[in-house]
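here you go, sequence then predicted model.
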Number of protein chains: 2
Amino acid sequence: MRSLKLLASPKSAGKAIKFKGEEIPVETLGEDSFRGVDTALFSAGGNTSKAYAKHAVRAGAVVIDNSSAFRMEADVPLVVPEINPADIQTHRGIIANPNCTTIVALMALYPLHQTFWVKRVIASSYQAVSGAGAKAIRELSLQSESFFSGAPSSVEVFPHPIAFNVLPQVDVFLESGYTKEEVKFVNESRKIMHHPRLRASITCVRVPVFRAHSVAIHAEFQQPVSVDRARDVLAKFPGLELVDDPSSMTYPMPILASGKNNCQVGRVRVDSALDNGLAFWVCGDQLLKGAALNAVQIAELLAR
Amino acid sequence: MRSLKLLASPKSAGKAIKFKGEEIPVETLGEDSFRGVDTALFSAGGNTSKAYAKHAVRAGAVVIDNSSAFRMEADVPLVVPEINPADIQTHRGIIANPNCTTIVALMALYPLHQTFWVKRVIASSYQAVSGAGAKAIRELSLQSESFFSGAPSSVEVFPHPIAFNVLPQVDVFLESGYTKEEVKFVNESRKIMHHPRLRASITCVRVPVFRAHSVAIHAEFQQPVSVDRARDVLAKFPGLELVDDPSSMTYPMPILASGKNNCQVGRVRVDSALDNGLAFWVCGDQLLKGAALNAVQIAELLAR
């Protein structure tokens, strides 16, 4: 990379951010901001992406978009570099970065799919507040502190208190009774794995954890499964670490996965409800592999 | 009830507990403690139950045991009064109180089973620390406080820190890779619902919540399902409250269910991975319906 340009709303313009020892000023995003830009990383929400991605593409940049705005469009590849790197070649200016819970779940599901061919997946998430932004992290912090100090705290980012509580809602509700987050998991999993017939359902739940997401997955496969073979392919998959020793109470946890590039998988066992089934538990840093790291990995693929 | 006798280890003997305005002394538990006792509520762990239940039975008492010691014994009924009240008639001195997560999950699953006949259930739990006792509640409190104050806190009750973390382990691990808690859910569900062929699997997870358990359930039924009909039978089931209005972001949560006798169910939707499937979310106070209340309801049934 020859140079870095930082673009934001007028609110942030004028600030400076340190990168490799250099203070880089934040500029106001505009339609003409993208002249000379090769790769544009968008992470300011769907509306900003919808309004400005086209200008970046017109200026000749490739957009890597972290929002959900373009993920399901047919001519936009949706990429997890360890899973479907070849898909980036089909881009027409925009490459989408998948949903955080989907990335973390697929980092463990995909190697098993390659080995046993997944037919059906049923999952439940334990999602950190970081997925809802910096204000959400502060909200969990303030609510937790005020629980002990008695100081008043407010409910602003989440629809209900998150401290010492869990919320079975991430993103907004759809007519079907599912949340958008839950539908993203189903649709994005199918697209990333090139598996349009995958049957999937998930309950997405926000938990009072700061940074890493966890997902409990129960999956049914076409082929007979074995825990040993599953552990073997999980241990070998790039970007994934097998953390699975029940005898020493060793398994992935948010506090272990936070700050790590690798996702972690453990609790691998034969599923007692599904034929050819495996149950497992995966954790990943929502801000790294679940967002920024995956976007940067896509940029690295592009630069090759 | 004519009188109440309180029995405990020598450590607690001599203390007094207030009941209906009267101070009742705590006596030391012994083999001869049960003379004149009609109903003995045991809640001091499996070892105490195994050592003393027989003495209570010999003295003519009916034991309602909150531990897992006798739950799966063929001549011990395992009872949730709203589900299988008739089973108490088969007792031979001991009636077992089911596992807390199992009770909470079945309070919503059973009415749906009565209507649609459940074949397969896949669940994930979000279990409060209260299930691990008073020390566990203190541990979550101390760890959370010290997170902000910087004061040292220790990890004693749980194998890892629970504050701002989730632990995919409740109870000890078995050879199969499942925990005892997870196997209890499968076996106890079959026994309580008289459904030995039920296929079930669960991932049991401890979350930093003080008191109420939550369970995300995805279930496959024999009969075609409808969300309207499901909501209808759930709303009518005794001991269960339907809390399900996505348009106003209304659903069960631990902070809503804590302190309530009724369990709460919501997020009812057609499951997108299972044929004739429903997904739903249930919360219940682990100390009430998940433990003490259910035991007292069994005692009330007995007294009729």
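Thanks, I have it.

in three-state terms, label A:A291 for me.
Following DSSP: H, G, I helix; E, B strand; the rest coil, A:A291 is assigned to helix.

count of residues packed around it?
A count of nearby residues for A:A291, using other C-beta atoms under 10 Å in any protein chain shown, gives 20. In this view, the C-beta of every residue, glycine as well, is placed from N, C-alpha and C.

a helix runs through A:F147, doesn't it?
Yes - the assignment for A:F147 is a helix, going by three-state DSSP.

number of residues surrounding it?
For A:F147, using other C-beta under 10 Å, the count is 17.

pLDDT below threshold where in chain A?
A:1 (pLDDT under 70).

just grab the bridge partners of A:H218 for me.
Beta-bridge pairing of A:H218 under DSSP bridges involves A:I122, A:A279.

is it in contact with A:L112, as I believe?
No - if you go by C-beta atoms under 8 Å, A:H218 and A:L112 don't touch, sitting 11.8 Å apart.

list residues touching both of these two?
Residues touching both A:H218 and A:L112 (C-beta atoms under 8 Å, 6 or more residues apart in numbering or on different chains) are A:L278.

hang on, isn't A:A105 packed against A:I122?
No - A:A105 lies out of contact with A:I122 (C-beta under 8 Å); the separation is 11.2 Å.

comparing the two, which shows the higher neighbour count?
More crowded of A:A105 and A:I122, by other C-beta under 10 Å: A:I122, with 35 against 29.

just checking, that one touches B:I122?
Yes - the criterion here is C-beta under 8 Å, and A:I122 meets it with B:I122 at 4.7 Å.

any common contacting residues for these two?
A:218, B:218.

any idea which residue is closest to the centre of chain A?
A:C100 (1.3 Å; C-alpha atoms, centre = their mean).

any idea how far A:D171 is from it?
Remark: distance between A:C100 and A:D171 (C-beta to C-beta, to the nearest Å) = 11 Å.

just A:T115 next, same as before
With C-beta to C-beta as the criterion, A:T115 and A:D171 are 32 Å apart.

same thing with A:F70?
Taking C-beta to C-beta, one finds A:F70 at 17 Å from A:D171.

those two - which one has more neighbours?
Set side by side, A:F70 and A:D171 show more neighbours around A:F70, with 21 against 18, by other C-beta under 10 Å.

now the more buried one. Nearest residue, chain neighbours left out?
What sits nearest to A:F70 in space, not counting adjacent residues and going by C-beta to C-beta, 6 or more residues apart in numbering or on different chains, is A:V76, at 4.4 Å.

now the one you found. Its backbone dihedrals?
Phi and psi for A:V76, reported as degrees, to the nearest 10, are phi -110, psi 110.

now do A:E182
phi -70, psi -40.

over to the one 5 residues further on?
The main-chain torsion angles of A:N187 are listed as degrees, to the nearest 10 and equal phi -70, psi -40.

how about the one 4 residues further on?
Summarising the backbone geometry of A:K191 under the convention degrees, to the nearest 10, its torsions are phi -70, psi -50.

now do the contacts for the closest residue to it other than its chain neighbours.
Leaving aside its sequence neighbours, A:K191 sits nearest to A:L78 (C-beta to C-beta, 6+ apart; 5.1 Å). For A:L78, the contact set (C-beta under 8 Å, 6+ apart) comprises A:71-72, A:84, A:87, A:95-96, A:98, A:188, A:191-192.

need the buried ones from the residues you listed selected in PyMOL.
The command below creates a PyMOL selection of those among those that count as buried (16 or more other C-beta atoms under 10 Å in any protein chain shown):
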select buried, chain A and resi 71+84+87+95+96+98+188+191+192
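
pull the most distant pair out of the contacts of A:L78.
Pairwise distances across the contacts of A:L78 (C-beta to C-beta) peak at 14.8 Å, for the pair A:M72 and A:N84.

what's the burial count for the residue lying closest to A:H91 once chain neighbours are set aside?
Among residues not flanking A:H91 along the chain, A:P77 sits closest, at 5.3 Å (C-beta to C-beta, 6+ apart). A:P77 has 23 neighbouring residues, counting by other C-beta under 10 Å.

my guess is A:P77 meets A:P98, correct?
No - using C-beta under 8 Å, A:P77 is not in contact with A:P98; the gap is 10.4 Å.

and for chain A, the residue most distant from the center?
Largest centre distance within chain A, by C-alpha atoms, centre = their mean: A:G150, 34.9 Å.

give me the distance from stretch A:45-59 to the chain's centre.
Here stretch A:45-59 is found 21 Å from its chain centre; the criterion is C-alpha atoms, centre = their mean, to the nearest Å.

outside of that stretch, which residues touch it?
Under C-beta under 8 Å, 6+ apart, the answer for stretch A:45-59 is A:29, A:31-37, A:40, A:42, A:63, A:65, A:67-70, A:92-94.

how about that stretch: buried residues?
Buried, per 16+ other C-beta under 10 Å, within stretch A:45-59: A:48-49, A:52-53, A:55-57, A:59.

kindly export that stretch (C-alpha atoms) in PDB.
What follows is stretch A:45-59, C-alpha atoms only, in PDB (Å, rounded to 0.1, in the frame of the first residue of the first chain):
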ATOM      1  CA  GLY A  45     -23.300   1.300   7.800                       C
ATOM      2  CA  GLY A  46     -25.500   0.300   4.900                       C
ATOM      3  CA  ASN A  47     -26.800   3.700   4.100                       C
ATOM      4  CA  THR A  48     -23.300   5.200   3.600                       C
ATOM      5  CA  SER A  49     -22.300   2.200   1.500                       C
ATOM      6  CA  LYS A  50     -25.400   2.500  -0.700                       C
ATOM      7  CA  ALA A  51     -24.800   6.300  -1.200                       C
ATOM      8  CA  TYR A  52     -21.000   6.200  -1.800                       C
ATOM      9  CA  ALA A  53     -19.900   2.800  -3.000                       C
ATOM     10  CA  LYS A  54     -20.900   3.700  -6.600                       C
ATOM     11  CA  HIS A  55     -18.700   6.800  -6.600                       C
ATOM     12  CA  ALA A  56     -15.800   4.700  -5.400                       C
ATOM     13  CA  VAL A  57     -16.400   2.100  -8.100                       C
ATOM     14  CA  ARG A  58     -16.800   4.800 -10.800                       C
ATOM     15  CA  ALA A  59     -13.400   6.300  -9.700                       C
END
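
hang on, the earlier thing: turn the contacts of A:L78 into TSV, including secondary structure.
Below are the contacts of A:L78 laid out as TSV (three-state DSSP):
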residue	secondary structure
A:R71	coil
A:M72	coil
A:N84	coil
A:D87	helix
A:I95	strand
A:A96	strand
A:P98	coil
A:E188	helix
A:K191	helix
A:I192	helix
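
and of the contacts of A:L78, the nearest to chain B?
A:E188 (13.7 Å; C-beta to the nearest C-beta).

now the buried members of the contacts of stretch A:45-59.
A:29, A:33-34, A:37, A:40, A:42, A:63, A:65, A:67-70, A:93-94.

could you break chain A into its assigned domains?
Chain A breaks down into these domains under automatic domain parsing: A:6-97+A:292-303, A:101-286.

now for those domains, which one comes closest to B:S146?
domain A:101-286 (10.3 Å).

could you look up the SS state of the closest residue to chain B within the stretch 201-304 of chain A?
Using C-beta to the nearest C-beta, A:R269 is the residue of the stretch 201-304 of chain A that sits closest to chain B, at 3.1 Å. Using three-state DSSP, the structure places A:R269 in strand.

would you map the strands across the stretch 51-200 of chain A?
Shown for the stretch 51-200 of chain A, the strands assigned by DSSP state E, counting those that start in this stretch span residues A:62-65, A:94-96, A:118-126, A:199-203.

now those as TSV including distance to B:N294?
Output for these, formatted as TSV (distance: least, C-beta to C-beta, whole Å):
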stretch	distance to B:N294
strand A:62-65	51
strand A:94-96	49
strand A:118-126	25
strand A:199-203	25
